[in-house]
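Colleague: following is a predicted model, sequence given first.
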Amino acid sequence: MSDCIFCKIIKGEIPSRKVYEDEHVYAFHDIRPIAKVHFMIVPKKHVDSLAHCGKDDAQMLSHIMLLAPKLAAEHGLEQGFKTGINTGRGGGQEVFHLHVHVFGNPL
Ligand code: 5GP
Ligand code: ZN
């Protein structure tokens, strides 16, 4: 998706503060954090939203969810954190490239 802001971030065309990267996912700090720690984990493959995922995306989704506590702990959230996936206009989604918010305040 050439006009997708998160695809551009993944390709390095728009700068971001990287949290983690592997073959399938990229994680980076939210530009407007709602907690002391707030980053997003996104698949490198463009998918509009959770509602656009199919069976082929199950492995990618589980990979992202299992990364969340690991990356959260690495950022001082070993006592706990929140996750969020906004889906569709009705769900408050602003960027239509699937992303899982991970946020919280270290205790
Ligand atoms: P949504 O409401 O779609 O779940 O959230 C999109 C998030 O992306 C928002 O929290 C917003 O602050 C973040 N965001 C939007 N544009 C950029 C950007 O260019 N860089 C970064 N790091 N975050 C962005
Ligand atoms: Zn995209």
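Modeller: Looks like it arrived, so ask away. Numbers count the residues shown, from 1 in each chain. Ligands and ions are numbered 1, 2, ... in the order given.

Colleague: give me the helices and strands touching the top strand by length along the chain, please.
Modeller: Scanning the chain for the longest strand, with DSSP state E as the assignment, gives strand 37-43. Judged by 3 or more Cβ pairs under 8 Å, 6 or more residues apart in numbering; DSSP states H and E, the packing partners of strand 37-43 are strand 18-21, strand 25-29, helix 58-74, strand 100-104. Bear in mind the C-beta positions are built from the backbone N, C-alpha and C, glycine included.

Colleague: what about the second one, average pLDDT?
Modeller: Model confidence over strand 25-29, given as mean pLDDT, is 98.

Colleague: so is it next to ligand 1?
Modeller: Yes: against ligand 1, strand 25-29 shows contacts by Cβ under 6 Å from any ligand atom at Phe28, His29.

Colleague: got it, and the third one?
Modeller: No: with Cβ under 6 Å from any ligand atom as the criterion, ligand 1 is not reached by helix 58-74; the gap is at least 13.8 Å.

Colleague: could you list the paired strands of the following helix or strand past that helix along with their orientation?
Modeller: Counting by DSSP states H and E, the next helix or strand C-terminal to helix 58-74 is strand 82-84. Applying DSSP bridges to the sheet, strand 82-84 is found paired with strand 100-104 (antiparallel).

Colleague: among the helices and strands packed on strand 37-43, which comes closest to ligand 2?
Modeller: strand 25-29 (10.5 Å; Cβ to the ion).

Colleague: enumerate the positions of the closest one that are buried.
Modeller: Within strand 25-29, the residues scored as buried using 16 or more other Cβ atoms under 10 Å are Val25, Tyr26, Ala27, Phe28.

Colleague: dump it to PDB, keeping only the CA atoms.
Modeller: C-alpha atoms of strand 25-29 as PDB (Å, rounded to 0.1, in the frame of the first residue of the first chain):
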ATOM      1  CA  VAL A  25       6.700  -7.600  12.400                       C
ATOM      2  CA  TYR A  26       7.900  -4.100  13.300                       C
ATOM      3  CA  ALA A  27       7.300  -2.300  16.600                       C
ATOM      4  CA  PHE A  28       7.700   1.400  17.200                       C
ATOM      5  CA  HIS A  29       6.800   4.100  19.800                       C
END
